[in-house]
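J.: Dropping the sequence and predicted coords here.
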Amino acid sequence: MQDPNEDTEWNDILRKKGILPPKEVPKDDEEEELALQRQSVVKTYEDMTLEELDENEDEFGEEDEAAIEMYRQKRLAEWKTSQMKAVFREVVEISGQDYIKEVNKAGDGIWVVLHLYKQGIPLCALINQHLSALARKFPQTKFLKSISNTCIPNYPDHNLPTIFVYLEGDMKAQFIGPLVFGGMNLKAEELEWRLSESGAVKTDLEENPRKQIEDKLMSSIRSSLPTQNDSDSEGEDCYL
């Protein structure tokens, strides 16, 4: 007589039709399978972020609540630690020897703003002043400054000021030369907007401040132009 627990194609067909009962699983194998399932669930918890734990909370049973809460607290502690580490709040002076450590190895997810400057250039001094304010406003962004030729030998003065923006060692944006910054009329909000476009900071500004200035300038120019009636009157006076 054929063993109903034997792994054969015929027995599988009979099980599907309900003629044979489901295959019996040896107790040892059953316990091992349950243990593997538990490990799989725990591994899922370990791989989840805080947001994923919250999103998938309904997918787990009551018996999993303790494990979920444990990993939630663990993720929360890790997040708090990373936040504490990623608080800079000031513009740090570096040299070329510090470049790899401070820029390339700044850390995962850390944006770096590096200003190459030279003393005696007014626009460089202005940008350093603006960056100090932005460093306090955006403490998770790493703001650095370096005298140009100590960071890059023979870096030309006509390229100053220069700002490089990096993420995990990759350059994401560069602003080179006084014309790019708009000269000594540069406002901190304009620089903030430029950096936000590169991704280095998350601004709360709703639009480019430079656009507001340009709009006001154009409005002022239009208001100073003669109207059509004025032009006609002037033409008539000349004709008379």
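T.: Right, received. Where do you want to start? Residues are numbered from 1 along each chain as shown.
J.: roughly how far apart are Leu191 and Tyr99?
T.: Using Cβ to Cβ, to the nearest Å, Leu191 is found at 22 Å from Tyr99. C-betas here are computed from N, CA, C, even on glycine.
J.: Who has more neighbours out of these two?
T.: Leu191 (23 against 16; other Cβ atoms under 10 Å).
J.: and the more buried one, what helix or strand is that in?
T.: Assigned by DSSP states H and E, Leu191 belongs to helix 188-198.
J.: for that helix, packing partners?
T.: Packed against helix 188-198 by the contact rule (3 or more Cβ pairs under 8 Å, 6 or more residues apart in numbering; DSSP states H and E) you find helix 122-137, strand 170-176, helix 209-224.
J.: Run through who's touching it.
T.: Helix 188-198 has contacts (Cβ atoms under 8 Å, 6 or more residues apart in numbering) with 113, 127, 130-131, 133-134, 137, 141, 165, 172-173, 175, 181-182, 201-203, 205, 208-210.
J.: what are the phi and psi angles of Leu114?
T.: Dihedral pair for Leu114: phi -110, psi 120, per degrees, to the nearest 10.
J.: Report whether the expected contact of it with Ile147 is present.
T.: No: at 11.8 Å, Leu114 does not count as touching Ile147 under the criterion of Cβ atoms under 8 Å.
J.: So for the two, which sits in the more crowded spot?
T.: Per other Cβ under 10 Å, whichever of Leu114 and Ile147 has more neighbours is Leu114, with 22 against 18.
J.: what's near enough to touch that one?
T.: Ile94, Val103, Leu144, Lys145, Ser146, Cys151, Ile163, Phe164, Val165, Tyr166.
J.: my read: the fifth one touches Lys118, true?
T.: Think Ser146. No: contact criterion Cβ under 8 Å: Ser146 and Lys118 do not qualify, at 10.1 Å.
J.: More neighbours: which of these two?
T.: Ser146 (24 against 15).
J.: Run the angle between the helix holding Leu191 and strand 170-176 for me.
T.: 140 degrees (axes from the mean of the first three to the mean of the last three Cα atoms, to 10 degrees).
J.: Flag every buried residue along helix 188-198.
T.: Of all the residues in helix 188-198, those buried under the rule 16 or more other Cβ atoms under 10 Å are Ala188, Glu189, Glu190, Leu191, Glu192, Trp193, Arg194, Leu195, Ser196, Ser198.
J.: One more: stretch 197-207?
T.: So, applying 16+ other Cβ under 10 Å, buried residues of stretch 197-207: Ser198, Ala200, Val201, Thr203.
J.: All the strands of this structure, residue numbers only.
T.: 91-93, 111-117, 142-147, 162-167, 170-176 (DSSP state E).
J.: Pipe the ones you listed into JSON lines and attach distance to Pro22 per row.
T.: Listed next are the strands of the chain as JSON lines, based on distance: least, Cβ to Cβ, whole Å:
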{"stretch": "strand 91-93", "distance to Pro22": "67"}
{"stretch": "strand 111-117", "distance to Pro22": "57"}
{"stretch": "strand 142-147", "distance to Pro22": "61"}
{"stretch": "strand 162-167", "distance to Pro22": "55"}
{"stretch": "strand 170-176", "distance to Pro22": "56"}
